[in-house]
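Colleague: need a 3D model of the sequence below.
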Amino acid sequence: MMRKMIVTGSEGFIGKALCQELAKRNVEVIGIDRKNGTEASKVCELLKYGDIDCVFHLAAQTSVFNGNLEQIRKDNIDTFMSVADACNQYHVKLVYASSSTANPENTTSLYGISKYFDEQYASIYCKAATGCRLHNVYGPNPRKRTLLWCLMEKENVSLYNCGQNIRCFTYIDDIVEGLIYAVGCNRQLINICNVQPVTTMYFATLVKYYKSLEIELINEKRDFDNLEQSVNRDIYLVPLSYTSVEDGVKKIFDERKGKDISY
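Modeller: I've put the predicted structure just below:
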């Protein structure tokens, strides 16, 4: 029988990739996204019919630099609570996107606080849920205003802290595989992470190899930024052959080349 799953945030960078992969695996996908006029809270109504196998809850405010605290609270906390409560009530597996910023060592903003709250809430009120700590996701067609988007779309890019911020960039295909892995996982919290920390300068240099790019180093730390995004090794790491940043960036430009998009 064809399985049926819900993906909230289905029009987002990760959501689109997940929906495409689920469809390849003959999963019937119900996409929910504000861009299409549907709110994540609609999950509560859909679960009443009893034919949903899993809810992937990806919809959220996603930036540490977002100053709209009220919107973060509504989308990342209030909506999460209603989705988790509904999944618990109807005994439907919940897989939700957490973040490396939920690690208290990395938390610098309400975004990180909200993700940590979600982890704690699910551990008590939706015990069968699996939270996935995602680490600096990148890939083709990146979200606007992310580092990779700036590097690919602009000719001049400024790197704060002289490009020495350390991140674990994780390729989108690995993220999708990790999320699908979580469906059958009985752990409450997992890491989906390429544990190969590199500096933002190194990441930018990889991109510069494939396109013309001027990099300006700024000796300044931005508010809410974190110098080193550490990985909590006490949390289970999904066992995948993670894509190296070198191979990941190459994949992106190979795909662009195949579509005859030049720089």
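Colleague: buried stuff in the helix or strand of the chain with the lowest mean pLDDT?
Modeller: Of the helices and strands making up the chain, the lowest-confidence element is helix 245-258, at a mean of 92, by mean pLDDT, DSSP states H and E. Counting neighbours by 16 or more other Cβ atoms under 10 Å, one finds that the buried residues in helix 245-258 are 245, 248-249, 251-253, 256. Where C-beta positions appear, they are placed from N, C-alpha and C, glycine not excepted.
Colleague: will you turn those into a markdown table that also has distance to residue 179?
Modeller: Compiled in a markdown table, the buried residues of helix 245-258 are given as follows (distance: Cβ to Cβ, whole Å):
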| residue | distance to residue 179 |
| --- | --- |
| 245 | 20 |
| 248 | 17 |
| 249 | 22 |
| 251 | 19 |
| 252 | 20 |
| 253 | 25 |
| 256 | 25 |
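Colleague: how about the helices of the stretch 101-250 of the chain, start to end?
Modeller: Listed in chain order, the helices of the stretch 101-250 of the chain (DSSP state H, counting those that start in this stretch) span 110-125, 147-153, 172-183, 200-208, 245-258.
Colleague: check those for me and report the most buried one.
Modeller: Relative to the other members of the helices of the stretch 101-250 of the chain, helix 172-183 carries the highest mean neighbour count by mean count of other Cβ atoms under 10 Å, namely a mean of 21.
Colleague: put the alpha carbons of that one into PDB.
Modeller: The C-alpha atoms that make up helix 172-183 are tabulated as PDB, following Å, rounded to 0.1, in the frame of the first residue of the first chain:
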ATOM      1  CA  ILE A 172      20.900  18.600   1.300                       C
ATOM      2  CA  ASP A 173      20.800  15.000   0.100                       C
ATOM      3  CA  ASP A 174      22.200  13.800   3.400                       C
ATOM      4  CA  ILE A 175      19.700  15.800   5.300                       C
ATOM      5  CA  VAL A 176      16.800  14.300   3.300                       C
ATOM      6  CA  GLU A 177      18.200  10.700   3.900                       C
ATOM      7  CA  GLY A 178      18.500  11.500   7.600                       C
ATOM      8  CA  LEU A 179      14.900  12.800   7.800                       C
ATOM      9  CA  ILE A 180      13.600   9.600   6.100                       C
ATOM     10  CA  TYR A 181      15.800   7.500   8.400                       C
ATOM     11  CA  ALA A 182      14.100   9.200  11.400                       C
ATOM     12  CA  VAL A 183      10.700   7.800  10.400                       C
END
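Colleague: the inter-axis angle of that helix versus helix 245-258?
Modeller: Helix 172-183 runs at 110 degrees relative to helix 245-258, counting by axes from the mean of the first three to the mean of the last three Cα atoms, to 10 degrees.
Colleague: what is helix 172-183 packed up against?
Modeller: Here helix 172-183 touches helix 13-24, strand 93-99, strand 130-134, strand 137-138, strand 189-192, going by 3 or more Cβ pairs under 8 Å, 6 or more residues apart in numbering; DSSP states H and E.
Colleague: of the helices of the stretch 101-250 of the chain, which approaches residue 41 most closely?
Modeller: Judged by Cβ to Cβ, the one of those that comes nearest to residue 41 is helix 110-125, at 14.9 Å.
Colleague: alpha carbons only: can I get that closest one in CSV?
Modeller: Once side chains and other backbone atoms are set aside, the C-alpha atoms of helix 110-125 remain, and they are given as CSV (Å, rounded to 0.1, in the frame of the first residue of the first chain):
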residue,chain,number,x,y,z
LEU,A,110,15.2,33.3,20.2
TYR,A,111,15.5,31.0,17.2
GLY,A,112,17.8,28.6,19.0
ILE,A,113,15.8,29.0,22.2
SER,A,114,12.6,28.0,20.3
LYS,A,115,14.2,24.9,18.8
TYR,A,116,15.5,23.8,22.2
PHE,A,117,12.0,24.4,23.6
ASP,A,118,10.6,22.1,20.9
GLU,A,119,13.0,19.3,21.8
GLN,A,120,12.1,19.5,25.4
TYR,A,121,8.3,19.8,24.8
ALA,A,122,8.4,16.8,22.4
SER,A,123,10.4,14.7,24.9
ILE,A,124,7.5,15.1,27.5
TYR,A,125,4.3,15.5,25.5
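Colleague: that'll do, ta.
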